[in-house]
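1. Fold the stuff below for me.
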Amino acid sequence: MTTPVSALIASLDDVVIGRRREVELVVAALDADRHVLLEGPPGTGKSTLLRAVAGGLGIGFVFVEGNAELTPARLVGHFDPARVLTDGYEADVFVDGPLVTAMRDGSLLYVEEINRIPEETLNVLITVMSEGELNVPRYGRVVANPGFRLVAAMNPFDAVGTARISGAVYDRVCRVSVGYQSAAVETRIAARGVDGLPEGWLDKVVELVRRTRVHADLRVGSSVRGAIDMSAVASSLAAVRSSDVNDPAVSLDAALVALSGRVRVREGSSRTSEEIITELWNEVFNPAPVGESGKASAPSGATR
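-> Now for the predicted structure:
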């Protein structure tokens with residue numbers, strides 16, 4: 001028999017493509033009143049998944065962007081300085097921050113890129129996850145209403161600007177690992193909003209993007225967002241040049257525009273991201289005939 005939760009999960013299949021297992025795990029953890037951490041590379045749909053689940057469950061959703069400027073005061077809240085001068089530290093002078101708002105409303109507090117926030121801010125979250133309450137200086141005790149949970153997302157530790165998350169956080173959350181999807185799923189995602197592409201062309205775009213993730217000279221490859229942008233740019237560029245996406249100069253220039261800024265070249269490599277993208281484009285879109293050696297060259301007019 002179909003339960004409301006299983007019906008919800010099925011309804012999200014078209015919203016969060018190829019993430020049935022991860023959706024099930026997140027829904028189950030939230031239904032068990034647990035805090036959740038999604039961990040995986042950029043562009044793997046972590047934010048989309050959490051927003052979709054929250055919307056499907058009808059749960060309030062308070063968003064916080066994790067960065068080095070997220071101080072405890074910005075997360076918790078503060079007293080309005082102007083009103084403090086006239087009214088003192090009264091309760092109605094306090095301006096709720098996202099954490100207190102989520103606690104009062106019994107909502108989800110979604111912290112994006114939690115491993116970019118300062119340690120002192122992270123300690124505030126640890127306290128709330130453990131105790132379900134928070135003591136605010138000069139204000140008093142704030143108790144989380146039923147339904148409050150922390151949901152967070154983070155990129156791998158070796159991404160630039162990230163720090164290791166302490167064991168105290170991992171001990172208080174249910175962790176769901178999110179990896180890259182299959183080529184077929186990424187093709188379905190990239191096909192959204194782009195019509196009229198030649199058959200098989202989008203498969204090559206996705207293959208090019210996936211090769212950036214395993215190239216020896218690249219420390220970070222592109223997410224599926226690169227495939228989405230390459231397809232959109234190629235369609236527009238073809239119209240600008242009165243050509244089509246099968247034109248080698250169009251597809252290569254679209255690849256360079258969409259991917260060269262998304263990848264990260266390994267330290268010590270003498271190559272540029274443009275050179276590596278051109279190499280991969282040749283492998284996928286302009287492979288050398290069987291029996292011929294050497295690299296194919298870029299099409300005439302590309303990167304002009």
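2. Tell me where the stretch 51-200 of the chain has helices.
-> Counting by DSSP state H, counting those that start in this stretch, one finds helices in the stretch 51-200 of the chain at the ranges 72-76, 81-87, 98-105, 119-131, 167-170, 183-190.
3. tell me what the longest one is packed against?
-> Right, the one you point to is helix 119-131. Applying 3 or more Cβ pairs under 8 Å, 6 or more residues apart in numbering; DSSP states H and E, we find helix 119-131 packed against helix 72-76, helix 98-105, strand 133-136, strand 149-154, helix 167-170. From N, CA and C alone the C-beta is placed, and that goes for glycine too.
4. Ala28 is nearest to which of those?
-> strand 149-154 (12.9 Å; Cβ to Cβ).
5. got a list of contacts for that closest one?
-> Applying Cβ atoms under 8 Å, 6 or more residues apart in numbering, the contact partners of strand 149-154 are 26, 30, 33-39, 46-47, 50, 54, 66, 108-115, 125, 128-129, 162, 165, 173.
6. Repeat the analysis, applying 6 Å as the threshold.
-> Strand 149-154 has contacts (Cβ atoms under 6 Å, 6 or more residues apart in numbering) with 35-39, 46, 50, 108-115, 129.
7. Count the neighbours of Arg141 for me.
-> Applying other Cβ atoms under 10 Å, we find 8 residues neighbouring Arg141.
8. Asn135 is in contact with that one, correct?
-> Yes. With contact defined as Cβ atoms under 6 Å, Arg141 counts as touching Asn135 (5.5 Å).
9. Would you map out the domains in the chain?
-> Here the domain parsing of the chain from automatic domain parsing is 4-177, 183-285.
10. tell me the mean pLDDT over the host helix or strand of Trp281?
-> For Trp281, the element it lies in under DSSP states H and E is helix 273-285. For helix 273-285, the mean pLDDT works out to 97.
11. What segments of the chain are strands?
-> 36-39, 61-65, 77-79, 94-96, 108-112, 133-136, 140-143, 149-154, 174-177, 218-220, 264-265 (DSSP state E).
12. list the buried ones in the lowest-mean-pLDDT helix or strand in the chain?
-> Sorting the helices and strands of the chain by mean pLDDT, DSSP states H and E puts helix 4-11 at the bottom, at a mean of 80. Within helix 4-11, the residues scored as buried using 16 or more other Cβ atoms under 10 Å are 8-9.
13. And that helix, how far out from the chain middle?
-> With Cα atoms, centre = their mean, to the nearest Å as the basis, helix 4-11 stands 23 Å off its chain's centre.
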